[in-house]
Structures are given as structure tokens and as C-alpha cells.
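Colleague: just a sequence and a predicted model for now, questions to come.
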Amino acid sequence: MSEEGWPGAKSRQKVAPWSAAAAIFILFFACLFSPSGRALAGGRFQSSPEKIRRIGDLAAAYFDLGMLNGSFLVALDGQIIFEKGYGLANLEWDIPNSPDTVFNIASLSKQFTAAAVMMLAEEGKIGYDEPVSQYLPWLRRDLAERMTIRQLLTHTAGLPDEPICPVERMNHPLQTKDDLVAAINRMDLIFAPGTRFSYSNVGYNILALIVEAQSGMDFADFLRQKIFDRLGMSGTRWIGARCIIENRAQGYFSFLGRKEIEESELADIEMLGPGDIYSSVRDLWKWDRALANNVLLSEQATNLMFTTHKSDYGFGWELPSDFYINGVTQRLAMHTGRGPGASSIIMRFLDDGLLIVGLQNIQRSGIVNLGYGVTNILAGEPNGREPDPKPLVEDEVLRRLLSQGVDAAGAFYREAQKGGSYRMPGSGGLNRLAYQLLRSGRTAQALRVFELFQVLYPTQSIAYDGYAEALAIAGDKDSSIANYQKAIELNLNNVAALRALKTFGISDPTRLTSPLYREILDRGAEAGPKIFADLEKSGQAPGETVINAVAYNLFRNGRKSEALRLFEFNTLTFPQSWNAWDSYGEALQDTGKTELAIRSYRKSVELNPQNKTAIDKLRELEKTKDRS
């Protein structure tokens with residue numbers, strides 16, 4: 001759909017604001033009647049007493065396994081068909097969770113920040129493709145003039161994820177808005193704005209500050225007055241985690257079967273825009289109805305909110321393109337959220353009127369899988385996902401790790417991967433567990449989980465930068481630096497590790513990570529074999545896949561001549577790897593070295609006649625060569 005004439009473009013017209021009474025009346029009316037006029041049994045999702053019973057049974061099974069502690073709601077065509085609280089909102093006072101309990105919704109907050117920006121765009125105060133410098137004169141010019149509002153909304157502005165790195169946070173925590181502004185102005189872009197996607201909380205920090213600048217209101221007041229109060233979302237606010245919030249659930253951390261209070265180590269100001277909204281499942285149902293009936297935003301603006309940009313992301317919403325039901329791709333708008341003592345999900349099926357909302361006061365991944373399970377039940381089709389819950393593997397891994405050591409825990413983990421008796425979140429689950437231990441003050445236990453993480457996933461960059469952070473907290477600076485360098489060796493796009501090393505005073509960490517890479521980058525591919533042979537003898541030589549990953553990272557970061565040296569070195573070191581030759585061919589083709597690219601692709605096909613990518617590239621290059 002063309003965006004010419006959209007509210008927010010240069011020719012945009014102002015939209016008259018709704019009165020609060022009119023908005024609430026329309027929202028109430030929409031809750032009674034389906035906007036499409038379909039009965040509850042219409043569309044791809046069908047409700048029945050039996051299916052509602054099955055939803056309750058599934059949720060109860062997740063609760064019994066310790067993977068659900070919060071509130072859950074399902075609505076179809078605007079009508080709530082299931083809502084219930086599970087577990088306790090407050091253990092000390094034995095207060096149960098209910099549909100009205102208020103939770104930290106974490107990154108679900110981004111959709112409200114996006115909506116605030118879009119409301120101002122419809123008033124003509126913001127243009128999506130205007131540079132940020134037009135709205136924030138204090139922002140460093142070389143940043144502000146390159147980024148647009150649209151890029152901030154869609155995580156394509158080239159900003160890092162967090163305003164400060166963990167090492168900085170240890171010594172200089174953000175406490176005020178001025179601290180946040182100063183941190184943003186110290187940043188560097190990690191790629192050219194508009195060229196690709198990288199999820200960034202910083203982008204939404206900046207959007208919140210733009211809302212304040214263009215509205216003349218405090219961000220929290222804008223959300224409350226312009227959105228929450230107008231929609232009757234009485235339990236919803238952006239507010240600091242340390243403030244008193246009525247009906248709020250206390251956040252907990254589950255440690256070997258017992259729950260403990262989990263506090264965020266982040267200052268409230270870091271979550272201005274990307275997080276820290278507190279809400280209930282019933283309030284988010286009201287939000288869904290407002291979106292479905294264009295109560296706050298025009299139909300054109302709502303459509304733009306749910307349009308993908310560069311990747312499967314719109315304005316504050318994830319828009320997965322690979323969600324199928326009965327073989328048909330669904331238009332699904334969703335978002336997940338996770339933070340200390342909080343995990344959440346919202347799923348809106350845009351063509352079928354299905355809403356699923358789950359909020360928890362414990363950081364567990366079960367709430368997301370429960371949401372998928374509900375779609376299976378209502379669609380009458382398994383959707384390629386296992387509908388029955390399984391216990392999370394992390395609990396048993398931690399027990400064995402602390403009682404029997406890394407080797408025993410690793411052996412159990414590998415067996416569990418084969419057996420199918422546990423839910424296996426993989427490396428992400430181990431990373432999450434280690435950070436929860438770190439936040440709860442159990443640095444020694446966190447270090448052991450990171451050690452296990454490295455044993456199980458030795459080529460994953462996050463295993464090393466997490467360990468480096470824990471080592472820094474433990475006071476072991478030298479080991480922390482070594483692990484950050486290893487993290488960058490595996491992934492030159494690991495911005496957190498790069499920023500941490502810069503904080504430690506290392507100015508060019510990408511060239512210090514490995515003598516092998518340094519020699520190749522400085523002197524060429526032929527300089528590497530001697531060092532590689534020495535590394536092989538000590539068991540420390542990187543594999544073909546690792547070298548390939550480093551080369552690709554150099555390539556993506558614009559260091560193409562250096563990347564070519566590594567790709568070439570890979571073919572010299574692993575001459576029987578069709579993948580090494582294929583990657584080298586791709587780099588040669590991109591840099592205009594057609595003859596060499598053809599030779600490299602031919603070698604790849606010779607080693608692997610099934611390499612369709614190389615076959616197609618060869619045909620393309622040979623046709624081009626014949627025409628010239």
C-alpha cells in the first residue's frame with residue numbers, strides 16, 4: 001500500500017481528537033459486537049465449550065509444571081472466552097493472581113510507545129521519514145541527521161540494543177534523564193541506518209524523548225492521559241519499578257524449586273520507551289478492542305503499524321511471516337517480553353479476531369508456548385508444535401551442575417536433547433538462567449552455568465560475553481577481557497562486547513582477539529598457515545565454520561578486503577570444504593572479481609554437486625560473462 005497521503009506525511013492533515021467519553025463508548029460498544037459480524041464459530045478459529053475446557057486443562061498443566069504463574073486471557077471476535085489467574089501475585093500475603101492483577105509487561109510496552117508517536121504523526125507533529133535531528137537538537141548531529149523516526153520504530157536505525165554496556169553500568173549506572181541523554185550521545189552506530197534490522201531498546205528510548213519534545217508532556221503523563229485513561233485501562237501505567245502500584249504482582253525468581261524476589265538491576269530511566277509499563281490482561285483486551293476499531297488511530301495508521309519493514313517487524317509489533325495454520329500463512333501481530341520477575345506475550349490474529357494475552361510475575365518461557373498451544377486448540381490443527389507441555393530442562397541441569405559439576409551436567413543436557421522428555425530452549429535457556437543467578441547475587445553459580453554454556457556451545461559468542469560480564473562482577477578483569485575478546489572473535493557484531501572492551505581501555509579490540517586473525521588481516525591469507533599449525537597442536541585452532549563466521553562479520557561491517565583474506569585462508573586450510581569455497585565465491589562475486597568467483601563456485605560444486613546455490617550463481621555469472 002502506498003503511503004502517499006498518510007497522516008504523518010508532509011501533506012498530512014490533522015485528525016480531531018476523540019473525547020474520552022466517546023472513545024470509551026465506542027470501545028464498550030465494540031466489546032459487545034464483533035467488528036466483522038462473525039459469530040464466535042467463524043473464521044479459522046472456532047470456540048466451543050469443549051475447546052475452552054481444553055484451554056483450561058492446558059494452562060493448568062503448565063501451572064503444575066511450574067511454567068505458569070500469572071494471568072491468562074483468550075478472546076475471540078472481541079468477546080472473552082477464557083480468563084484466569086494462576087499462582088500467587090504475592091507469596092508473603094498469599095494473594096492470588098487474577099485477570100485484574102497488574103504485571104510488568106516488559107517489551108510489550110513498545111507498542112504503546114509506537115502508538116504515542118503515531119498519534120503525534122496524525123496531528124502533524126511528527127513525520128515518519130524526517131531525520132531525528134528535527135525533533136531532538138541535543139542529540140549528537142552525526143547520529144541525529146542519519147536516523148529517521150520510521151527507522152527507530154522498526155529497529156533499523158543502526159543503534160545498539162542498550163544505552164550502556166554492563167561494564168559501564170557497574171561503574172556509572174543511569175539514574176536520571178540527563179544520564180540517559182549523555183549515554184546516547186556517547187554511542188556509535190553499528191550499521192548504516194536503514195540497511196538492516198537489529199532490535200534496539202535505545203531506539204525506543206529516543207522515541208519516548210521525541211514524544212516528550214513534541215507533545216510538551218512527560219512521557220508517562222502522555223500515555224496515561226492520551227491512551228490509558230481514554231480507553232478505560234485503569235490499571236495500566238508507565239511507572240518506575242520502585243513506585244507503589246495498586247494490584248501489582250511481585251516479581252519472583254525460581255531457584256531450585258523455591259521462589260525469591262527478583263529485582264531489576266536497571267534504573268527506571270533505562271526503560272523509558274522500551275519497557276516498564278504495568279498492565280493487566282483485561283486492560284490489554286481493551287487495548288486490542290481499541291486497535292480493532294480504530295479508536296485512537298485512523299485505519300490507515302493502524303494498517304501502517306502492522307506493515308513489515310526490512311524484517312518481520314512493524315511499528316512496535318513483531319509480524320512473523322512464517323506462522324501457518326492449516327497450511328495457510330496467518331497475519332499475526334505479536335510481541336513477547338521478558339525481564340527480571342516478568343515474562344509476557346500478546347498475540348493478535350489480524351484476520352480472525354483472536355487475541356491471546358499472557359502475563360507472568362516470573363521469568364519463564366512457558367507463557368509463550370501456552371499461547372501457541374491455544375492456537376492449536378482453537379484451530380483444530382497442531383500447527384507443527386507439540387501441544388503438551390514438558391518440564392524445562394534448566395532446573396535439572398542446575399541441580400546436577402551444582403551437585404555433580406560441569407561434566408555431569410553437560411552429559412545430562414546432551415542426553416536430554418536426544419530423549420524428548422524435557423523442553424529444550426537450548427543456549428538461550430542457559431543464558432537466561434545464568435543471568436538470573438547473576439542478578440540474584442549468586443555470581444559463583446552464574447559463573448558455573450556460563451562455563452557449562454561454553455562447553456555445550458563453544459562457538460556461540462554470547463556464551464563468552466556473558467561469562468565475561470560475570471567475571472567482571474567477580475573482580476577478575478583479565479579473564480573478563482579475554483572472554484570478551486573471544487566473544488568478538490566469534491562475532492564481530494557483538495556490540496556489547498566491543499563496548500565493554502572499549503570501557504576497559506582497549507581501543508581496537510577486533511584486531512586483538514587472535515594472533516591468527518591479526519596476522520592474516522595484516523599480511524594476507526598466506527601468512528596464516530604457520531600460526532594455524534601451532535594452534536592446532538595446542539588444540540586451540542578455530543574450525544572452518546568459525547573462520548567463515550568471522551569473515552562474514554568483517555564483510556557485513558564493510559571490511560571487505562580483510563574478509564576476502566579470511567575467506568581465502570579458509571580455502572587454503574580446508575580445501576575439501578565446499579562451504580569454504582562457496583563463501584569465498586560469494587565474496588569474490590560481490591567485489592567484482594568475476595573470474596575468480598566462477599573458479600571458486602566450480603570448486604564448491606565439484607566437492608558438492610548438490611550445492612544448488614553455487615550452481616545457480618555459476619549460471620548467472622557465466623551468462624553475464626558471455627554477454628560481455
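Modeller: Nice, thanks for sending it over.
Colleague: which stretches of the stretch 201-350 of the chain have low pLDDT?
Modeller: For the stretch 201-350 of the chain, the stretches with pLDDT under 70 are 240-243, 257, 263-267.
Colleague: can we see that at 90?
Modeller: Low-confidence segments of the stretch 201-350 of the chain (pLDDT under 90): 239-246, 251-271, 276, 309-311, 321-330, 339-341.
Colleague: what segments of it are helices?
Modeller: 201-215, 219-223, 281-292, 299-305 (DSSP state H, counting those that start in this stretch).
Colleague: what's the answer for the stretch 501-628 of the chain, then?
Modeller: Under DSSP H, counting those that start in this stretch, the stretch 501-628 of the chain gives helices at 515-523, 528-537, 544-556, 560-573, 578-590, 594-607, 612-627.
Colleague: any chance of these in CSV, plus mean neighbour count?
Modeller: Every residue, glycine included, has its C-beta placed from N, CA and C. CSV is the format used below for the helices of the stretch 501-628 of the chain (neighbours: other CB atoms under 10 Å):
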stretch, mean neighbour count
helix 515-523, 18
helix 528-537, 15
helix 544-556, 20
helix 560-573, 22
helix 578-590, 22
helix 594-607, 19
helix 612-627, 14
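Colleague: nearest to G380, of these?
Modeller: Counting by CB to CB, G380 lies closest to helix 612-627 out of the helices of the stretch 501-628 of the chain; the figure is 36.3 Å.
Colleague: what packs against the closest one?
Modeller: helix 578-590, helix 594-607 (3 or more CB pairs under 8 Å, 6 or more residues apart in numbering; DSSP states H and E).
Colleague: quick one: mean pLDDT over that helix.
Modeller: Confidence over helix 612-627 (mean pLDDT, whole number) is 82.
Colleague: now stretch 395-402
Modeller: Here stretch 395-402 scores 88 as its mean pLDDT.
Colleague: please name the nearest non-neighbouring residue to the residue nearest to the spatial centre of the chain.
Modeller: Central residue of the chain (CA atoms, centre = their mean): Y199, 5.8 Å from the mean position. Among residues not flanking Y199 along the chain, H155 sits closest, at 5.1 Å (CB to CB, 6 or more residues apart in numbering).
Colleague: report the contact partners of the one you found.
Modeller: Contact analysis of H155 by CB atoms under 8 Å, 6 or more residues apart in numbering lists 197-200, 203, 311, 313.
Colleague: quick one: low-confidence parts of the stretch 401-550 of the chain?
Modeller: Checking the stretch 401-550 of the chain against pLDDT under 90 turns up 402, 416-442, 459, 485-486, 488-550.
Colleague: where does N493 land in three-state SS?
Modeller: Taken by DSSP: H, G, I helix; E, B strand; the rest coil, the conformation at N493 corresponds to coil.
Colleague: before we move on, the earlier item: do you know the pLDDT at the residue nearest to the centre of the chain?
Modeller: As summarised for this prediction, Y199 has a pLDDT of 93.
Colleague: and for S109?
Modeller: Confidence at S109, expressed as pLDDT, is 97.
Colleague: F255 is nearest to which of the helices of the stretch 501-628 of the chain?
Modeller: The nearest among the helices of the stretch 501-628 of the chain, by CB to CB, is helix 544-556 at 34.2 Å.
Colleague: with respect to A614, which of the helices of the stretch 201-350 of the chain lies nearest?
Modeller: Short answer: helix 201-215, nearest of those by CB to CB, at 37.4 Å.
Colleague: picking up where we left off before, dump the helices and strands packed on helix 612-627 to a markdown table, plus mean pLDDT and distance to I488.
Modeller: Converted to a markdown table, the helices and strands packed on helix 612-627 look like this (pLDDT from 0 to 100; distance: least, CB to CB, whole Å):
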| stretch | mean pLDDT | distance to I488 |
| --- | --- | --- |
| helix 578-590 | 91 | 20 |
| helix 594-607 | 92 | 27 |
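Colleague: make JSON lines out of those and add distance to Q300.
Modeller: What follows is the helices and strands packed on helix 612-627, written out as JSON lines (distance: least, CB to CB, whole Å):
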{"stretch": "helix 578-590", "distance to Q300": "39"}
{"stretch": "helix 594-607", "distance to Q300": "45"}
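Colleague: can you tell which of those is closest to L437?
Modeller: Between the helices and strands packed on helix 612-627, helix 578-590 lies closest to L437; by CB to CB that is 36.9 Å.
Colleague: quick revisit: for the residue nearest to Y199, what are phi and psi?
Modeller: phi 60, psi 40 (degrees, to the nearest 10).
Colleague: same question for A89.
Modeller: Torsion angles at A89 (phi, psi; degrees, to the nearest 10) stand at phi -80, psi -30.
Colleague: setting the sequence-adjacent residues aside, check what's closest to it.
Modeller: Sequence neighbours aside, A249 is the residue nearest to A89 in space, at 3.9 Å (criterion: CB to CB, 6+ apart).
Colleague: contacting residues for that neighbour?
Modeller: A249 touches 70, 89-90, 97, 101-103, 361, counting by CB under 8 Å, 6+ apart.
Colleague: please apply the same query to R399.
Modeller: L256.
Colleague: ok, it to V550 distance?
Modeller: Counting by CB to CB, to the nearest Å, the separation of R399 from V550 is 36 Å.
Colleague: over to E586?
Modeller: Taken as CB to CB, the span from E586 to V550 is 15 Å.
Colleague: can you check A60 too?
Modeller: A60 is 48 Å from V550, by CB to CB.
Colleague: L438 now?
Modeller: Distance of L438 to V550, given as CB to CB: 28 Å.
Colleague: would you map the strands across the stretch 151-300 of the chain?
Modeller: With DSSP state E, counting those that start in this stretch as the criterion, the stretch 151-300 of the chain has strands at 237-238, 252-255, 258-261, 277-279.
Colleague: can you list these in a markdown table and add distance to W285 and mean neighbour count?
Modeller: Converted to a markdown table, the strands of the stretch 151-300 of the chain look like this (distance: least, CB to CB, whole Å; neighbours: other CB atoms under 10 Å):
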| stretch | distance to W285 | mean neighbour count |
| --- | --- | --- |
| strand 237-238 | 17 | 24 |
| strand 252-255 | 25 | 20 |
| strand 258-261 | 28 | 14 |
| strand 277-279 | 10 | 26 |
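Colleague: make a markdown table from these and add distance to S600 to it.
Modeller: Output for the strands of the stretch 151-300 of the chain, formatted as a markdown table (distance: least, CB to CB, whole Å):
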| stretch | distance to S600 |
| --- | --- |
| strand 237-238 | 54 |
| strand 252-255 | 51 |
| strand 258-261 | 56 |
| strand 277-279 | 51 |
